[in-house]
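Trainee: One predicted model, sequence on top.
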Amino acid sequence: MTTKLVAIAVAVLSMTGMAAAKPLKVVGPWEIAGIDPAQSGFVFSRMQVAETLVSVDADGKLTAGLATSWSAAEDGLTWRFRLREAARFHDGSAVTAAIVADTLRKVQGGAGALSQVPVAGIEPDGEDVVIRLSKPFAALPAYLVNYTTIILAPSSIGASGKVERIVGSGPYRVKSLTPPLNMQLEAAAEWAGAKPGIAEVDYQAVGQGETRALMAESGEADLVFSMLPVSVERLKRNPNLDVRIATIPRTRLLKVNAASPLFSDVRVRRAISATLDREGTTRVILRNADLAATQLFPKALAGWHDPELPPLKRDLAAAKALLAEAGWTPGADGVLHKDGKPFSFTLLTYASWPELPPIATAIQAQLKQVGIDAKVSVGNASEIPARHKDGTLEMGLVSRLYSIVPDAIGTLRDDYKSGGSDWGATGWSNDELNALVETMAQTSDPAARAPMQRRAIAILQSELPSIPVTWSELAVVANKRVTGLRIDPLEVNYGLAAIRWAQ
Amino acid sequence: MSTADATLVPITQRSWLTPSRMAGLALLGLLALFALSGPLLVSVDPSEQDFAASLAPPGSDYLLGADHYGRSMLARLAYGARLSFGMALLTVATAAVPGILLGLLAAWRGGWLERVLDLVSTVLLALPGLLLVLILLAFAPGTFGPLYLGLALTLWIEFYRVTWVTAGGVLKQPHVEATRLLGFGTSYILRSLVLPEIRPILITLSAFAMSTAIIAISTLSAISVGLRPPTPELGAMIVELLPYYAEAPLHVLMPGILIFLLVLGLQLATRSDAR
Amino acid sequence: MNAPVRFQALTVSDLAISAGTTTIVRDVAFTLAQGRPVTLLGASGSGKSLVAHAIMGSLPTGLSAQGVIKLDGEDLLAGTPAQTRARWGRTIAILPQEPWLALDPTMRIAGQVDEVHHHLHGFGSAASSDRARADLADVGLAGREQAYPHELSGGMCQRAAIAVTHAAGASVVIADEPTKGLDAALRDGVVERLLQEVEQGRLLLTITHDIEVAAALGGMVGVMLDGALVEFGPAEQVLEQPRHDYARALIAASPTKWPASLLPAAGEAVVSACGLSKRFGERPLFDELSISVRRGEIVAIVGPSGCGKTTVGNILLGLVAPDRGEVERTAGMAPTRFQKLYQDPPAAFVPHQTLRQSLGDLLKLHGLDWMRAEASMERFGLGRELLDRRPSEVSGGELQRFAILRALLLDPVFLFADEATSRLDPVSQKDVFAILIEAVRERSLGLLMVTHETALAETVAHRILKLG
Amino acid sequence: MGSLPSAGRNRMKRLVLARLLQAGLVMLVVGILCFVLVRALPGDPAMRIAAGRYGPDANITEAAEQVRRELGLDQPLLVQLGASLGQLARLDLGHSVVTGLPITKELRIQLGATLWLSGSALALSLLLGPPIGLLAGLRRGGWVDNASLGGAIVLRSLPPFVLGLLLILVFAMLLGLFPPAGYGTWRDLALPALTLALGLAAVSSRVARDAVAAVARTPYLAFARLKGLPEAVVVRRHVLRNAAIPVISYLALQAIYLIEGVVVVETLFGIPGIGHALVHAVIARDVPMVQGTALAMGLLFVVIAMAVDLACHWLDPRPKRT
């Protein structure tokens, strides 16, 4: 009897003791390179340390962040954001409109997403922040979801004028921060909302995908983000793990220099698209044939995916015919020639995303089948924008995220503007598309936007300034000892505060 | 132990070709055969992909199986062996020749030359070799030239130091003085007196340096600054196949086994009796 | 100190040592008794060291001993390896050859004595260190306890080794070439030490090729030749009236008994130097030294070890530059006509080359005929089978003769013999000098010899220069 | 002869002075080399820095313009070199252009992590390598000798990341003894340290084996046995001490392998070490950081080399050739 009691007491004590002491161990691939929000704001936003004015739900619908509501004036030029009343920073100070306006002004002057918005002025007005625009811009709230716009307390800024510590307003506060790999969080007393289910969070950055999988498997980590496709099947079979997969608005595409003599002919771009074995590549490398990008945007990106559109698919005969039509004839070495020059170029890619070099390797072999000689060069991510800028880029395999601003219009507007951009078109522009995009940016009615969206997609599908290769998914693994996991395809907020220890 | 009566003990038959050397040479011969004639015999293109055969096990349509892209492992291993062994040999030769020559020079001439070379080598030693390789690689990413130069730049120091110390020891011995008095020139002394003494240790060093070179290239591939795909290179093959370790462990090990056999062959072939 | 066990006698009978199926030492029998030490004489390579190691039970791997070795009734050869090992130090000790190599170079000598008390006899650390100090004082090394072997002279190292033996408490002492490489004064000191061992009741077996040592030790003397004990008897008898041919030759080989060499008058100087000074670090070796060697002349430099004898010769050869002074050699003479013989014959040969290779390379370099070399070999008593051996596989005497042959092929006018016979047995020494003297006479070359043996210098040289 | 202790002290002083000179030279060479080479590299440093700062999803071209203005990369090269060397001379390492943190602060974290890792790896390797080498060297040609040679070849043929993965599979997955990755506690260090230690022990066991074999052939070892010491004492007092000298000399070279060879291991196990930092800094053209890490590595090497010198001096009192 007594022994039983003691046993129960010990068990209870140890359980409560553990629940109080054991932090939620989160592992992800992202290093905290620097603590400036422009650099690592996404980490603090995802981990719910800092908040943006506007947030987003899993379906891509904008929701309240630091601002509980917002509205635009009739002319669409003046926007008013109402701040949450009880909002306090982790140093105890109140989140005021003046602080928010100051922060946003600074961000707007930087190189982040907000700099793309035609802002005329940002001012505090009582409990509201007022943003005045120089021309109507319906997508503004979506831009305020971007992590570079997180609002930090004035005490974050050091004497040098730079951010030196992270004092945010979210449910968690930074307990200790050891860049680039470690961060410990604890529940913030200042947070007025629902108390986080687990009081402490321990974030560890682990760059190697295999290691992350092993940390999940060994039970060392409670929550692991970004699993390698090859590990997913194995992890799914593990009874202790809960594997969640979400399609994220990220597309790997071939950024083609349409101004180069090799790719200026749209028939050549179409031929290359018809050469790609998207289905095989995704099956082998991404382990999910459904990720073959039959058009630029995945199904999950509501309104931006058109099921009616004829899919991009493999057709070697058609590809060969198109190339012959464009004047390319096979030479003695099996490589296509035109005007005495071989169809030979460098396919530039980078390893920041581990799947890009393998996909480039697959593409190289596929292009070789129709006599196109691509040399794969794995370099630094900055080489693609650099060579885009000086015009020497031939073809690059890039990974493009369409949720930097939750409304894809933001990215589209930047990518396909005349003159192109870092990750968008090179040597290609289309007036009709530009006009459509500008109109859409000023239109907030979804019904009015839908036909314009379809038309824009059709133009990109037929002109192929960027050749889509694969879509992406995010695999998150949770140990079954935790519950309440919510997966955010837009990767704005991981909802850690809602996670609890399973009983 | 006393050697005063050594002349009484009958001379044991000195055979250069000990069993271990024979085994080592046979192993090296087989590897050379595989690396040199393999690419000729295996008619398959090592970069030809066949997604249907992704990670095919050995013994299927593909003798040694196929990698994740469905490329023939046999073809890739044969080409990879040729490339990796060739590159490693070239790298080690580039490191060894100047290393040994400078080592001999320092031991022979002594004086300020020795001191300058010593200082240069210690300062170079203190510089992170990785830095040199990364910086050189930045000039021509994905190509063999800078990789080779960078590795040779870090590897020569070991050859230099070993040669310098060993040759210095040999050159101090009276038989060198005696040989010089008998009218022999520098080249004879270096060739016939010094070289045979430093040869065993240099060969051992080279054997390990070759594996170091291959491993270094694979390490660079692991941090994505290696050779450009789809080059079949043994180290890069390990890196490429590593994510599939759970599904196809044998595939990951195959290139490693080739490297192992190379080092083992070199070690056996150069092993002196168990002394 | 607990009273050491003293043995009455060590009897060796029918001892044979074989390597595989080949017997290399046979029919060795003698008895060591209280107050009657045994000294084994013989050329190097005659098997005397192997006998010592057979008694110790420390033969090199591959060799085995047969026969009976009885220490007061206990057969030493019958024991297990563990029993043999247990005797080392406690019962039988060996005084090593070249003790400066036998002492651990990284340990102070006190430590090397101390550890014997501590680990063999189980004394506490304070007691061990006291005893070690006493042992070292006993052999005259008081005050040098904290020295490392490299800081001691050869004789001091020998005494330190004796202190180790004393510490171990062995009652049977085997001294293996204890005077090798020591000059006359140090040699006498070592002999005195060994006699003290005998007086203290220890059984002593000495291996040497130095007849003086054998005479000084007294007791019984054995002579070994090609692995067999060819003569054994009381010292006076063997040394005065040897019966075996080799024993006779050995006794007759003492330089004092050599016939006077008849040399023609010396010719002009081949090399001369004046005002030579040389310092070694802080220590001056010599100052304002003048020397000249003429054709057909033998000049000897004598002096204790470390006095710079060798350096003088090296300066004359141009191998070492003097700090001050001038060297003048006969003009127009090729440098290869100035040659040198080394103290340790194997050290002057390339270790991995067979003699055929090294001779062949030399003949090719100078365009000489192989037949001429073979003729000289025959004359110097060198068998052809030696050609396919490496220097380490040829006895010292033969190798030194080979070295002379090699030098003479170049028709030298000046030969510097640097302690060329100090490591050879008397017979070999005599052979070597016979060849050298003949060469001086026939070719009228100038010979400069460096030695620590005054007797040798007096017998051979025209002129003697004393250094130090 | 009586002045020997002071001669020893003089030699020690010379050793330390030589190493200090070397340290100064390393600083100068690292300073110039980093600056010249990193600036001479192809590619726009501002673009690289921007990519390093803001990640591969950012609008790099625009960010690069800001970086260029902020860092003064638009000034003439000589002006930049002067500023950089001037800073170095004042021992001011500056701020990382990527993270914006003072280099000294970053180095404190990264060097600390590397020191913990390599220190424990070295300790582990000393527990593994030399004892195996001792056994192999005492019985040359025996099974320990052959097995350890085979083991050394296997370990040298395995890239460290493969070895690391194998260790994770065995010790973390199969046995559940240690966490597969992480940084902070002793348990976290176990596997990465073992990965490095096995690589080190592969070589040091062979070095130790050869050193023991060399000592075993010496007359002083024969004498130590013949004077009656038990084998264990012979090994402990004479073999270990003398064989330790080449093994310790080799430690300096091992230290380089350690400091440099850790990059992949750091990445695999998620340890914020200096090798990892150097690779990132070179890729992002973070010159102050490259300089800082290279300098830290170089000086660390000099310090280790000096410690090895002093240890050898202490172990081996014989004068060396100069």
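Mentor: Perfect, thanks for sending it. Just so you know, these numbers come straight off a predicted model, no measurement behind them.
Trainee: Can you list the neighbours in contact with stretch B:182-202?
Mentor: B:96, B:100, B:104, B:107-108, B:159, B:162-163, B:166-167, B:170-171, B:175-176, B:179-180, B:270, B:272, C:334-336, C:339, C:350, C:352-353, C:361-362, C:365-366, C:406-407, C:410 (CB atoms under 8 Å, 6 or more residues apart in numbering or on different chains). Where C-beta positions appear, they are placed from N, C-alpha and C, glycine not excepted.
Trainee: Next step: these restricted to helices.
Mentor: Taking DSSP state H as the definition of helices, those contribute B:96, B:100, B:104, B:107-108, B:159, B:162-163, B:166-167, B:170-171, B:175-176, B:179-180, B:270, C:361-362, C:365-366, C:406-407.
Trainee: For the stretch 351-468 of chain C, which residue gets nearest to chain D?
Mentor: C:S392 (13.5 Å; CB to the nearest CB).
Trainee: if I look at that residue, how far off is C:A247?
Mentor: Distance of C:S392 to C:A247, given as CB to CB, to the nearest Å: 28 Å.
Trainee: Comparing those two, which residue is more hemmed in?
Mentor: C:A247 (24 against 13; other CB atoms under 10 Å in any protein chain shown).
Trainee: can you pull the contacts of that one?
Mentor: Residues near C:A247 by CB under 8 Å, 6+ apart: C:L41, C:V223, C:V230, C:E231, C:V238.
Trainee: between those residues, which is closest to C:A19?
Mentor: Distance to C:A19, by CB to CB, is smallest for C:V230 among the contacts of C:A247, at 20.9 Å.
Trainee: Leaving out chain neighbours, which residue sits closest to that closest one?
Mentor: C:H244 (4.5 Å; CB to CB, 6 or more residues apart in numbering or on different chains).
Trainee: Quick check: that neighbour touching C:M224?
Mentor: No. Using CB atoms under 8 Å as the test, C:H244 is too far from C:M224 to be in contact (10.5 Å).
Trainee: Overlap of the contact sets of these two?
Mentor: Counting by CB under 8 Å, 6+ apart, the shared contacts of C:H244 and C:M224 are C:V230.
Trainee: rewinding a little: could you measure the residue nearest to C:V230 against chain B, distance?
Mentor: For C:H244, the distance to chain B (CB to the nearest CB, to the nearest Å) stands at 19 Å.
Trainee: And that residue, how close does it get to A:I122?
Mentor: The gap separating C:H244 from A:I122 is 120 Å, by CB to CB.
Trainee: Which one's more surrounded, the two?
Mentor: In terms of neighbours (other CB under 10 Å), A:I122 is the more surrounded of C:H244 and A:I122; the figures are 21 against 15.
Trainee: just checking, the more buried one touches A:L140?
Mentor: No. The pair A:I122 / A:L140 is not scored as a contact, 11.1 Å apart, by CB under 8 Å.
Trainee: shared neighbours of those two, anything?
Mentor: Joint contacts of A:I122 and A:L140 (CB under 8 Å, 6+ apart) are A:I131.
Trainee: need the contact list for D:L115.
Mentor: D:L115 neighbours (CB under 8 Å, 6+ apart): D:L300.
Trainee: average pLDDT for the helix or strand hosting it?
Mentor: In the assignment (DSSP states H and E), D:L115 maps to helix D:103-138. Across helix D:103-138, pLDDT averages out at 84.
Trainee: and what of stretch A:419-428?
Mentor: 84.
Trainee: same check, this time on stretch C:223-240
Mentor: What stretch C:223-240 shows for mean pLDDT is 87.
Trainee: Tell me how many other residues surround residue 368.
Mentor: In the absence of a named chain, chain A is used. 19.
Trainee: Chain C, not that one
Mentor: 15.
Trainee: what's the pLDDT at the closest residue to it other than its chain neighbours?
Mentor: Nearest non-adjacent residue to C:L368, counting by CB to CB, 6+ apart: C:L409, 6.0 Å away. As predicted, C:L409 sits at a pLDDT of 85.
Trainee: Over to the one 10 residues further on?
Mentor: C:E419 carries a pLDDT value of 82.
Trainee: Just the element for the nearest residue to B:E247 once chain neighbours are set aside, please.
Mentor: Sequence neighbours aside, B:L55 is the residue nearest to B:E247 in space, at 5.9 Å (criterion: CB to CB, 6+ apart). B:L55 belongs to no helix or strand when assigned by DSSP H and E.
Trainee: right, and B:L55 touches B:P249 too?
Mentor: No. Checked against CB under 8 Å, the pair B:L55 and B:P249 is beyond contact range at 10.9 Å.
Trainee: So between these two, which is more surrounded?
Mentor: Neighbours per residue, other CB under 10 Å: of B:L55 and B:P249, the larger number sits with B:L55, 18 against 13.
Trainee: ok, the single longest strand found in chain A: who's next to it in the sheet?
Mentor: Looking across chain A with DSSP state E, the single longest strand is strand A:241-256. Take DSSP bridges as the rule and strand A:241-256 pairs in its sheet with strand A:395-401 (antiparallel), strand A:466-479 (antiparallel).
Trainee: so, in contact with chain D or not, the next helix-or-strand element following the shortest one?
Mentor: Reading on from strand A:395-401 to the C-terminus, the next helix or strand found by DSSP H and E is helix A:409-415. Yes. Residues of helix A:409-415 are located near chain D by CB under 8 Å from any CB of the partner chain, namely A:D414.
Trainee: which outside residues touch helix A:409-415?
Mentor: Contacts of helix A:409-415 (CB under 8 Å, 6+ apart): A:113, A:116, A:139, A:142-143, A:400-402, A:404-405, A:421, A:423-425, A:437-438, A:440-441, A:456, A:466, D:59.
Trainee: Right, I'll call it a day here.
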